[in-house]
Structures are given as C-alpha cells and as structure tokens.
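Asker: okay, sequence plus prediction incoming.
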Amino acid sequence: MSALRIREPRFADGMWYSGNAPQLANSIQSYLHGAPAEVDPGEIVGLVAPHAGHRFSGHVAAAAFAGLTPGIFETVILIGPDHRGAAWGQIATVDVDAWRTPLGDIPVNRDFLQTLQNEIKLKWLPTDAEHSLEIELPFLQMTLQEFTLVPLIMGDPSPPTCRQLADALVKVIDPKQFNPTLFVASSDLSHFFDDATARCLDETTLQFMLNLDADGLARHAQNCQRGEGACGAGPVATVIHAAKALGATQGHLLKYATSGNVHPDKSSVVGYAAVAFSK
C-alpha cells in the first residue's frame with residue numbers, strides 16, 4: 001500500500017486560524033454557540049460562507065454551519081475561487097487522498113472526482129496555495145464530524161461554466177446515497193471600501209443570492225469594478241444552480257457583517273455573509 005497523499009494545512013498559522021487543535025476547537029465552538037440555527041438542517045441544500053481569517057469572519061461563517069449536525073450529510077462539495085492563479089480558466093482539484101487541519105484528516109471522495117472528470121475537465125494540481133477551501137474545513141469538522149470532501153477551485157467563474165459545472169455535479173451525485181450531499185460555496189463580498197459603501201454594494205450582490213438568480217449573480221460580478229462584487233461569485237452561482245436542480249426554492253440570509261464589526265478601521269473593510277439555500 002502506498003502512503004496516503006495529504007494536503008497539509010497552509011493557513012493554520014495563528015493569523016488565519018489557530019494551529020493548536022484545542023484552541024481551534026474552542027474558538028470554533030464559541031462562534032457556533034453565538035450563531036443559533038435558523039433553517040431546518042434537513043431542508044438545506046447549499047450554503048455560502050466567508051473565507052477570511054477566523055477572527056474577522058468566523059462569527060459569520062459559524063452562522064452558515066451552525067445548523068449542521070453529525071451524519072446529516074455524507075459528502076460535502078466545497079467550491080472556492082482561485083485567488084492565486086493556480087487554475088485560471090479551469091476547474092481544479094488537488095491530487096491528494098485527504099485534507100488535513102489541526103482537527104484531523106478529511107478523506108477526499110476520489111471516486112466522485114474521477115466520475116466528475118468524465119463530465120467536465122478537471123485540472124489536477126500537485127499542490128496549491130489557495131485559502132478559500134481550507135478556511136471552511138474546521139467548521140465542517142466541528143459540525144458534521146465525519147464526511148467525505150469534494151474540493152474544487154474555480155478558475156473560470158463565467159456564467160456558462162457555472163451552469164456546466166453545476167449540471168455535472170448534480171449528474172454525478174448518487175440518488176441512492178443514504179445521506180444527501182451538501183454544497184458549500186466559499187466567498188467574501190466587497191473588498192476595501194468604506195463600511196457604508198461596502199454595505200450598499202453587498203446588498204446588491206446579496207439580492208441575487210437570495211433570489212436564487214445564479215446567472216444574474218455571475219453577470220453582475222463580471223460587470224463590477226475591482227473589489228465591488230463577491231470574489232466567489234462563480235462558486236456561489238454554481239451552488240445556486242445545483243441547489244435549484246436538487247429542489248431548493250428559498251435563499252436565507254443567516255448573517256451579514258463587515259470586518260468593521262470586529263476591527264476599528266471602517267475606512268477599508270471586507271463584506272461577509274452566511275447564506276443558506278433550502279427546499
């Protein structure tokens with residue numbers, strides 16, 4: 001037997017989040033305790049959660065994940081944007097068997113990825129430096145505990161690709177799976193405007209999400225000036241398409257904030273939202 005290939009944590013550095021397992025578990029638990037569940041977890045199909053450092057956006061991310069309970073989802077399809085240019089113009093995954101955090105290892109659902117490869121071309125990365133997926137993992141580990149992961153880095157957020165990827169993912173999902181599959185889109189909102197401007201920009205972006213308007217969201221992001229839209233608009237649009245195909249009819253804003261809620265400088269903030277798509 002060959003050794004398992006592990007995607008080691010890159011951002012458990014005390015800045016993005018703690019590399020100490022007990023400290024990390026305590027901090028995630030404190031965020032979750034402050035974010036009571038607002039949507040029946042049995043009705044949730046997809047989520048949107050921010051991916052900034054936990055001290056800035058952890059209280060918002062917790063609102064997305066607080067309703068999850070162990071065993072309710074067998075597989076998590078986690079889609080994040082490509083901040084580092086690892087797969088611009090493509091859809092990528094890291095060619096490993098598990099993703100590691102200080103809380104333990106999460107097995108990758110390689111069978112799912114291999115089948116997905118038959119539906120849409122994937123770029124298999126030997127390594128990566130992307131934070132948008134890793135930041136979400138401790139929240140999923142603390143709430144779901146055991147699940148398999150389908151990690152995707154989206155380097156092409158165009159409306160046709162969002163729809164194509166969503167169609168491929170829904171096609172690969174096993175309808176006989178005992179526990180359903182959860183879609184999670186990793187995205188922050190506007191970047192580096194003053195707090196009042198950020199909130200205005202984010203309200204427009206959020207309306208597309210809450211109206212389940214995937215094409216509108218993707219087009220809006222394309223037309224935005226730098227920093228005005230959601231950096232993960234492509235992943236969010238993909239999750240909306242997939243969630244609607246699986247029966248979602250409602251979007252719920254679980255929590256909204258900017259970095260100005262936890263940092264004194266309100267002259268240049270980042271927007272964060274937790275959103276659920278449910279049946």
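Answerer: Structure's in. What do you need?

Asker: okay, L137 and H51: tell me how far apart.
Answerer: In this structure, L137 lies at 11 Å from H51, with C-beta to C-beta, to the nearest Å as the measure. For every residue, glycine as well, the C-beta is placed using N, CA and C.

Asker: what do the two both touch?
Answerer: Residues touching both L137 and H51 do not exist when contact is defined as C-beta atoms under 8 Å, 6 or more residues apart in numbering.

Asker: with neighbour numbers in mind, choose between the two.
Answerer: For L137 and H51, the more surrounded residue by other C-beta atoms under 10 Å is H51, and the numbers stand at 26 against 23.

Asker: what sits opposite the spatially most central residue of the chain in the beta ladder?
Answerer: The residue lying closest to the centre of the chain (C-alpha atoms, centre = their mean) is S186, at 2.5 Å. Bridge pairing for S186 (DSSP bridges) gives the partners A49.

Asker: residues contacting it?
Answerer: Under the criterion of C-beta under 8 Å, 6+ apart, the contact partners of S186 comprise 48-51, 78-81, 132-133, 135-136, 232, 235.

Asker: could you rerun that using 7 Å?
Answerer: Contact partners of S186, counting by C-beta atoms under 7 Å, 6 or more residues apart in numbering, are 49, 51, 78-80, 132-133, 136, 232, 235.

Asker: of those, which is the nearest to L152?
Answerer: Minimum distance to L152 across the contacts of S186 is 4.7 Å, recorded for I79 (C-beta to C-beta).

Asker: next up, the contacts around that closest one.
Answerer: The contact partners of I79, by C-beta under 7 Å, 6+ apart, come to 152, 154, 185-186, 235, 238-239.

Asker: tell me the secondary structure for T127?
Answerer: Three-state secondary structure (criterion: DSSP: H, G, I helix; E, B strand; the rest coil) places T127 in coil.

Asker: find the nearest non-adjacent residue to it, please.
Answerer: Beyond its immediate neighbours in the sequence, the residue positioned closest to T127 (C-beta to C-beta, 6 or more residues apart in numbering) is V94, lying 6.9 Å away.

Asker: isn't P138 up against A25?
Answerer: No: at 8.0 Å, P138 does not count as touching A25 under the criterion of C-beta atoms under 7 Å.

Asker: which neighbours do the two share?
Answerer: Common neighbours of P138 and A25, using C-beta under 7 Å, 6+ apart, are L103.

Asker: neighbour-wise, which of the two wins?
Answerer: Neighbours per residue (other C-beta under 10 Å) separate P138 from A25, with P138 holding more: 27 against 16.

Asker: is it true that the more buried one lies in a helix?
Answerer: Yes: using three-state DSSP, the assignment for P138 is a helix.

Asker: ok, now which ones touch it?
Answerer: 17, 24, 28, 101, 103.

Asker: what's the answer for I120, then?
Answerer: Taking C-beta under 7 Å, 6+ apart as the contact definition, I120 lies against 91, 164-165, 168.

Asker: quickly name whichever of the contacts of S186 is closest to R7.
Answerer: The closest of those, once distances to R7 are taken by C-beta to C-beta, is L133, at 9.2 Å.

Asker: and for the closest one, the neighbour number?
Answerer: Other residues near L133 come to 24 when the count uses other C-beta under 10 Å.

Asker: wouldn't it be in contact with G80 here?
Answerer: Yes: judged on C-beta under 7 Å, L133 makes contact with G80 at a distance of 4.6 Å.

Asker: now do the shared contacts for these two.
Answerer: The overlap between the contact sets of L133 and G80 (C-beta under 7 Å, 6+ apart) consists of 153, 186.

Asker: the helices in this structure, which residues?
Answerer: Using DSSP state H, the helices assigned to the chain run over residues 21-33, 54-65, 110-117, 137-143, 159-172, 195-210, 214-223, 233-245.

Asker: pLDDT (mean, whole number) over the last one?
Answerer: Averaging the model's pLDDT scores along helix 233-245 yields 98.

Asker: just the third one next, same as before
Answerer: When pLDDT is averaged along helix 110-117, the result is 97.

Asker: which other residues reach it?
Answerer: Helix 110-117 is contacted from outside by 75, 93, 97, 122, 150, 168-169, 172, using C-beta under 7 Å, 6+ apart.

Asker: select, from the residues you listed, the two members most distant in space.
Answerer: Of all pairs in the contacts of helix 110-117, the most separated under C-beta to C-beta is D97 and A168 at 22.1 Å.
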